[in-house]
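Chemist: Quick one, structure for this:
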Amino acid sequence: MNQNLAVQNPFVGLRPFESADSLYYFGRRQQTRALLKQLNANRFVAVVGSSGSGKSSLVRAGLIPNLEAGFLVQDRDLWKIAIFKPGGSPLRNLAAAMLSVTGAPGTAATVNGLLETIRRQGSQALVRQVQTPLDSKEANLLVVVDQFEELFRFQQVRTTHVREEATEFVSMLLNLAAQKEIPVYVVLTMRSDFLGECDAFQGLPEAMNASQYLVPRLTRQQRREAVLGPIRLAGADITPRLTDRLLNESLDTRDDLPVLQHVLMQTWTMWAKDGQGPIDLVHYEKSGTIQHALSLHADEALAGLSDEHLAIAKRMFQALTETDASNRRIRRPTNLHEIVAVCGKKKAPEAVMALIARFNADHRNFLVVSPGATEDNPLLDISHESLIRQWKTLAAWVDEEAESARVYKRLAESAKLHAGGKAGYYREADLQVALDWQRQQQPNAEWAGRYHPEFELAAGFLKQSINKQKTNRSFVTSLLVCVCLCIYSWLTITATDDVSLATNSTLLPIIGTGMPADQVYLLLPLLLCSAYAYFLFYLQRLLLMLAHQPARPQEGRTLMDRLEQVGMYALAWFTVPITLVGLWICYLPRRDGTVTGLHVFLITLVFGLLLLFHRSIRQGHYDGLRTLWQVLKPAGVTGVLSIALVVGSLSFGAFHGIPARQLTLSRNPRAVVPWIFDKVGYDLFFDFKGASVSRLPDNYWCIASESDRLKSVRGAPLKKADLRYADVSAAFLVNANLRNADLRGARMRKSDFRMADLRGANLKGADLRQSHFRGADFREANLAGVNFAGTDLEEAKLGFADLKKSDFTDANLKGADLRCADLRGVSNLPIQDLANVKTLYRAEMDAALKKELQEMKGALFTKPSDPWHDMTTPYNKDKKDTCE
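Modeler: Next comes the predicted model:
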């Protein structure tokens with residue numbers, strides 16, 4: 001077995017030296033004597049020094065052992081020592097320390113009883129409490145207030161009760177040192193960077209000026225004694241080169257004394273494991289050297305922890321530290337119950353106790369456990385602030401906690417201002433910071449209570465800010481969708497000409513894909529109304545939130561100012577209704593009852609919602625459909641019905657109207673609606689004038705045969721199209737499918753309808769002058785009263801066609817098939833033209849005309865050689881049978 005392992009480590013590490021460690025306390029003989037001398041001259045001494053300068057060790061291992069050894073002999077040479085820290089309850093801790101001196105039980109009830117007596121009677125209660133035990137043993141009382149700077153942190157909590165307790169505590173200490181009834185000496189240790197805050201207490205600056213001891217840094221020789229003395233006393237040896245390196249490196253290190261003690265403790269441990277020769281550089285470097293030994297030793301305690309226990313360790317150390325107003329990282333003694341509550345884990349109590357043991361094992365001594373208000377709630381503290389500065393992980397945790405606290409306090413203050421009507425919700429940047437903080441910190445009420453009491457208010461404010469952001473984003477999204485859909489609708493309206501609308505084929509803008517026009521004009525209004533419903537919904541929620549905002553927030557904008565800004569967005573309210581009107585008007589010439597009926601319904605719905613919504617805002621109602629229903633009064637119902645009546649009447653008039661250019665208003669009221677639209681610059685009737693409705697193939701002019709060229713043309717799909725009163729002048733409609741199309745009153749002059757299919761079409765009153773219908777199929781078409789002047793009807797199929805009272809001036813009927821046609825009352829039909837037709841079998845005509853034709857060419861009335869079924873199948877089977 002290694003004999004070195006049996007030798008006690010003479011270095012205390014990070015914790016302060018205690019009275020029991022006085023044999024190993026070297027290098028402070030001169031300072032101890034100076035402190036004894038000052039205490040002899042004045043019963044109140046403030047031991048002041050920088051953090052890590054050895055204040056506590058000087059009092060505990062230097063002053064107290066010398067007092068007990070009789071180096072300050074007056075009438076009494078026996079000493080009672082009361083050592084405590086102010087912590088979060090300085091008067092309670094003072095009372096507990098006094099009870100320990102008297103030997104009374106330090107139960108919670110006893111401490112609370114003395115505390116109440118102290119608060120009523122002041123320092124005299126303390127004097128009476130200790131006077132009898134001191135006089136009976138002729139003893140002196142030394143009251144040591146270690147880490148007195150904790151009082152300033154405690155006093156910074158700006159409540160009346162806290163300020164009064166801190167002031168009362170300082171007054172009692174000064175009175176104890178000043179009274180003459182019993183020998184009481186008061187020594188306090190305090191960091192020198194808190195000297196400027198002493199003027200917060202009456203009488204404290206004067207007392208400190210009268211008797212203050214500033215702990216000096218150790219000289220090189222004194223450091224050598226602090227290194228060599230404990231080693232030699234323990235019977236070991238150290239090489240000179242290691243001694244010199246330690247002395248040199250410690251001079252350049254902040255917290256030189258505690259860090260030096262810790263690295264010596266670790267170096268001793270490494271040497272003890274080695275077991276050979278003196279302590280040397282190899283042992284020192286294994287410890288991590290003075291720069292890294294403390295941080296490495298602390299990180300070793302974290303190694304191997306689970307994620308859950310690592311999170312608890314982080315919360316525990318963050319609870320035991322804080323950053324003060326001067327941005328200094330300092331200790332914060334905290335009760336066990338508070339740490340457990342802050343950790344917020346189910347197994348936190350067991351985990352915290354295990355972590356305390358872990359960080360105090362293996363000579364670490366990083367945590368100090370002191371009696372608390374109750375036995376099951378001890379006070380935890382970090383053994384030395386040098387750990388906060390030297391342990392890089394802890395320093396990062398402290399800075400993270402400070403930033404987290406800053407974010408939370410700002411959030412809580414904003415919530416208070418909002419609750420008081422002095423601030424609005426968080427916006428994008430602030431809200432994102434708060435959300436990131438909430439996700440990373442996962443705060444609870446216990447943690448938040450350390451920094452600001454309004455945790456529930458802050459949490460509610462943050463949730464409301466999130467809801468407002470979601471509402472804003474949804475509002476903007478719905479607004480953009482509405483605007484984009486409106487823009488796309490107007491692009492579609494612009495791209496939809498009369499040809500594409502009549503042929504039910506619309507080329508979608510941007511996308512470049514063709515779709516049936518009825519589907520496009522069905523889907524776009526539905527999408528627009530859906531987006532508009534979302535827009536109004538989120539606009540209502542936004543206005544509701546704005547209504548609960550302060551009338552004049554910090555930026556100085558009033559509620560009406562912000563509503564006006566929202567009103568700028570609300571211009572989109574009218575974009576959707578107007579776009580719907582545009583889609584409705586654009587689609588009207590197609591005379592599609594289903595789609596137009598949907599348009600009427602959606603326009604009524606949208607304008608009705610707009611009117612009701614506007615009325616609810618004007619009356620100050622923001623809370624949804626319930627208030628919309630409240631404002632839905634007879635006047636509102638009348639307005640909505642009026643919109644439906646107007647739009648429906650205009651649609652009906654457009655469907656059944658006639659052009660005002662043909663019949664004046666005085667002659668036919670059906671021209672009223674077309675006249676109204678005409679006055680605003682819109683024609684309700686298709687205009688194909690000069691349009692190439694049928695499409696030519698790319699190689700059209702390369703085809704030699706004219707008949708083949710005509711067959712290659714892609715005819716316009718106009719089956720059952722409503723082309724009443726349309727202007728089809730000079731249009732190209734070769735091979736067009738116009739079966740059952742309604743062409744009544746259409747202007748079709750000089751158009752090309754060669755090979756067109758017009759079976760069953762209604763062309764009553766149409767103007768077909770000078771048009772080309774060679775090879776066109778008019779079977780069963782209504783051609784009554786049509787003007788065929790100069791029209792080419794060569795080889796046209798006019799079987800069963802109603803040609804009553806038509807004008808055939810200069811018409812070309814060569815090879816036309818007029819079987820079973822109705823030619824009664826036709827005018828300007830030269831006999832020689834009828835002689836050139838293919839057949840007049842069973843055609844109905846005036847008797848005189850028939851007799852004259854039979855005399856000229858009776859063969860025209862015989863049954864033609866080609867059967868009817870060789871031609872395209874007719875629509876009316878009964879007529880076919882009759883004709884054959």
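Chemist: who does P717 bridge with?
Modeler: P717 has the following beta-bridge partners by DSSP bridges: N737.
Chemist: Please name the residues that touch it.
Modeler: 503-505, 737 (Cβ atoms under 8 Å, 6 or more residues apart in numbering). C-betas here are computed from N, CA, C, even on glycine.
Chemist: From S694, how far off is it?
Modeler: Separation of P717 from S694 (Cβ to Cβ, to the nearest Å): 10 Å.
Chemist: same check, this time on K345
Modeler: Distance from K345 to S694, by Cβ to Cβ: 80 Å.
Chemist: With V369 instead?
Modeler: With Cβ to Cβ as the criterion, V369 and S694 are 98 Å apart.
Chemist: Have a look at those two and say which one is more surrounded.
Modeler: S694 (26 against 14; other Cβ atoms under 10 Å).
Chemist: What segments of the stretch 701-850 of the chain are helices?
Modeler: For the stretch 701-850 of the chain, the helices defined by DSSP state H, counting those that start in this stretch occupy 706-712, 831-834, 847-857.
Chemist: looking at the ones you listed, which one has the lowest mean pLDDT?
Modeler: Ranked by mean pLDDT, the helices of the stretch 701-850 of the chain bottom out at helix 831-834, which scores a mean of 73.
Chemist: Show me what that helix packs onto, helices and strands only.
Modeler: helix 847-857 (3 or more Cβ pairs under 8 Å, 6 or more residues apart in numbering; DSSP states H and E).
Chemist: of the contacts of P717, closest to N9?
Modeler: S505 (95.4 Å; Cβ to Cβ).
Chemist: Test my guess that that closest one contacts A517.
Modeler: Yes - the pair S505 / A517 is scored as a contact, 6.5 Å apart, by Cβ atoms under 8 Å.
Chemist: ok, the two, which is more surrounded?
Modeler: A517 (22 against 16).
Chemist: Can you tell me the closest non-neighbouring residue to the more buried one?
Modeler: T506 (4.4 Å; Cβ to Cβ, 6 or more residues apart in numbering).
Chemist: got the contact list for C529?
Modeler: C529 neighbours (Cβ under 8 Å, 6+ apart): 576, 580, 602, 605-606.
Chemist: cutoff 10 Å now
Modeler: Residues in contact with C529 (Cβ atoms under 10 Å, 6 or more residues apart in numbering) are 485, 576-577, 580, 598, 601-603, 605-606, 609.
Chemist: try G582
Modeler: G582 neighbours (Cβ under 10 Å, 6+ apart): 486, 489-490, 492-494.
Chemist: Which strand or helix spans it?
Modeler: helix 572-587 (DSSP states H and E).
Chemist: that older thread, now for S505 and A517: what residues contact both?
Modeler: Common neighbours of S505 and A517 (Cβ under 10 Å, 6+ apart) are T496.
Chemist: Strands along the protein, start to end?
Modeler: Along the chain, the segments classed as strands by DSSP state E run 44-49, 78-84, 139-145, 184-191, 212-214, 321-323, 329-331, 334-335, 367-374, 377-382, 506-507, 514-515.
Chemist: Check the offset of the fifth one from the chain's centre.
Modeler: Meaning strand 212-214. On the basis of Cα atoms, centre = their mean, to the nearest Å, strand 212-214 sits 56 Å off its chain's mean C-alpha point.
Chemist: again, but for the last one
Modeler: Relative to the centre of its chain, strand 514-515 is centred 39 Å away, using Cα atoms, centre = their mean.
Chemist: can you tell me how far the nearest residue to S50 once chain neighbours are set aside sits from S771?
Modeler: Closest residue to S50 apart from its sequence neighbours, by Cβ to Cβ, 6+ apart: S192 at 5.4 Å. From S192 over to S771 the distance is 111 Å, taken as Cβ to Cβ.
Chemist: Settle it for me: which of those two has more neighbours?
Modeler: S771 (27 against 16).
Chemist: Settle this for me: the more buried one is touching R749, isn't it.
Modeler: Yes - applying Cβ atoms under 10 Å as the test, S771 and R749 come out as touching, 6.4 Å apart.
Chemist: Pull up the overlap in contacts between the two.
Modeler: Shared contacts of S771 and R749, counting by Cβ under 10 Å, 6+ apart, come down to 728-731, 787, 789-791.
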